[in-house]
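Need the 3D shape of this:
(chains A and B)
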Amino acid sequence: MDHKTILMDYIKNDIMRNRNAKLNEDDDLLSSGILDSLGILQLVAFIEKTFSIRIPDEDVLFENFQSVNAMTAYLLKE
Amino acid sequence: MVRRLLYINGLATIAAVIHHSMHWILTGLFWWTDRYRSVTIPNYDELGSLSYYGIRLIDQLAFFGVPAFLFVSGFFIAIATGSNEKTISWKIVGNRIKKLLPPYFLWSFVIILLDRLLGTAYSLQAITKALITGGVAPPFYYVPVLIQLLILSVFLVPLSRARPILILVFTLLLQIPVTIATYTSILEKGAADTGLFFSIFRDWHLPGYVFWFVLGLVVKFHLPEAQKFLERYFRLFVFGAILTFFLGVVEWDFLRVLSNREWISPQLTLIDKVFALLLLLVLISIRQPQLPLYSQLNYIGVRSYGVYLTHSLVLALVAKMTYHLFPSLLAFPYIFGFLLVATGLILPLISMELMNRSPLRRYYQYVFG
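This is a model prediction of the structure:
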């Protein structure tokens, strides 16, 4: 599975708690309320564990977590 | 630091459960004494005993719960603002509030309904007031405070970014009237003597808690400087936290003697706040990558809002069941306390897990957040 699919699955299943939820790759996860404080922290922990990378504190930014596409772009850059 | 926030949230959740269990442990010790000994109540024989100080020490440690929650919330608002935005968008604030309210109202109504079944009826006016102020259950004041802070964050974000020291000092200065109001209230001068100005600071939680939220904003917006500061003074924070931890217990007994009352319920005093701040700074400064019980505390941290809203109900039920069915257990505060903390934590977590695995999981956010 590619990064995008893994992230989409995780957000739908573990954060939105609805496998069939409608979620587009460009949806603004923060403005739409899908991600809250704990959601972001959960996602950081998930990404670090799943992709075996370490996200520096200064990279936990709105721009990197705004959407699935933004997260994928950040992961590819890393 | 970011990956440690869930862990801190987990610790804060346990701290909140411990802190609210204390109310029942002390009730068992002083006001329900006649259930296991032939004495008249209230009975303060245990005051000053080893059990009493043991309980007070544990409770003292638990004071940092709500400050830690607010710090994490402020940190999140800073993340959600975006590097090029002047302030947080109303849309994010609105959606955050929309997510907080349904579980808050649900559990408030459950408690009101249970009270009604047990014979306590409230007027519509009293219910409305309790919902607005968070007065339905002792821990619920946190939700209206957080909502007010989220609304204020639109103004706090630009200030925290541009003038971090100024906003920190200002919110610290707000502690002066809050502290005067707290101490005056403890020493039983009464609202009439305190005056309206100090009464507002005593009864309105926002001025006393805004500092923690702002601290979260400032730390995230000025992360490199904050990390340097935390690293530099780490040992001082550890020393200060240990010192204020014990000072807080001594201060409480001193205030009790000064107030000429046999007993007063522990409240957040100035020393407790300094302790909470230093402990929080120690926790965010620790560089150790793997902390004890890391995954377990992260698990609890993710579920903090659900546990927070439901634990007081569980504690009340368990305490009242113990009173009626196993009163002799009340004579053993550590066992009774362990029972309260374990059930106050585990029952909400089991309920959340069951709902998460059931076909109802899509409604989970409306029940547990």
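
Scan chain A for its longest helix.
helix A:37-50 (DSSP state H).

Next SSE downstream of that helix?
helix A:62-65 (DSSP states H and E).

residues from chain B in reach of chain A?
Residues of chain B lying close to chain A (Cβ under 8 Å from any Cβ of the partner chain) are B:1-3, B:5-6, B:9, B:72-73, B:75-77, B:79-83, B:85, B:89, B:91-92, B:95-96, B:98-99, B:223-224, B:227, B:298, B:301-302, B:304-305, B:356, B:361-362, B:364-365. Using the backbone N, CA and C atoms, a C-beta is placed for each residue, glycine as well.

At which residues are the helices of the stretch 251-369 of chain B located?
Along the stretch 251-369 of chain B, counting by DSSP state H, counting those that start in this stretch, helices occupy B:270-285, B:294-302, B:304-325, B:333-356, B:364-368.

Filter the residues of chain B next to chain A down to the ones in helices?
Short answer: these in helices (DSSP H) are B:2-3, B:5-6, B:9, B:72-73, B:75-77, B:79-81, B:91-92, B:95-96, B:98-99, B:223-224, B:227, B:298, B:301-302, B:304-305, B:356, B:364-365.

Point out the one among the helices of the stretch 251-369 of chain B that comes closest to A:Ala70.
With Cβ to Cβ as the criterion, A:Ala70 lies closest to helix B:294-302 of the helices of the stretch 251-369 of chain B, at 22.1 Å.

of all the residues in chain A, which ones are close to chain B?
A:17-18, A:30-33, A:36-38, A:40-42, A:44-45, A:48, A:55, A:57-58, A:60-63, A:65-66.

sorry, back to before: of the ones in helices among the residues of chain B next to chain A, keep whichever come out buried.
Among those, the ones that count as buried by 16 or more other Cβ atoms under 10 Å in any protein chain shown are B:2-3, B:5-6, B:9, B:72-73, B:75-77, B:79-81, B:92, B:95-96, B:99, B:223, B:227, B:298, B:301-302, B:304-305, B:364-365.

Please identify the most buried of the helices of the stretch 251-369 of chain B.
helix B:270-285 (a mean of 22; mean count of other Cβ atoms under 10 Å in any protein chain shown).

how about low-confidence regions in the stretch 201-350 of chain B?
B:201-202, B:289 (pLDDT under 70).

Pull up the distance across stretch B:81-90, start to finish.
For stretch B:81-90, the first-to-last residue distance is 10 Å (Cα to Cα, to the nearest Å).

Show residues contacting it.
With contact meaning Cβ atoms under 8 Å, 6 or more residues apart in numbering or on different chains, stretch B:81-90 is reached by A:31, A:61-63, A:66, B:77, B:80, B:153-155, B:157-158.

just the buried members of those?
A:31, A:61-62, A:66, B:77, B:80, B:153-154, B:157-158.

what's the most distant pair in those?
Using Cβ to Cβ for every pair in the buried ones among the contacts of stretch B:81-90, the one that comes out farthest apart is A:Gln66 and B:Pro158, at 20.2 Å.

For chain A, list the residue farthest from the centre, please.
A:Asn20 (17.1 Å; Cα atoms, centre = their mean).

Tell me the predicted confidence for that residue.
pLDDT recorded at A:Asn20 is 77.

What are the phi and psi values at it?
Backbone torsions of A:Asn20, given as degrees, to the nearest 10, read phi -90, psi 10.

Not counting residues beside it along the chain, what's closest to it?
A:Lys12 (7.9 Å; Cβ to Cβ, 6 or more residues apart in numbering or on different chains).

again, but for B:Phe368
Nearest one to B:Phe368, counting by Cβ to Cβ, 6+ apart, is B:Gly306 at 3.1 Å.

State whether the one you found and B:Asn356 are indeed in contact, as I suppose.
No - taking contacts as Cβ atoms under 8 Å, B:Gly306 lies outside contact range of B:Asn356: 10.0 Å.

Now the most centrally placed residue in chain B: closest residue in space that isn't a chain neighbour?
In chain B, the C-alpha nearest the mean C-alpha coordinate belongs to B:Val66, at 3.3 Å (Cα atoms, centre = their mean). The shortest distance from B:Val66 to any non-neighbouring residue, by Cβ to Cβ, 6+ apart, is to B:Tyr142 (5.7 Å).

No more questions from me, cheers.
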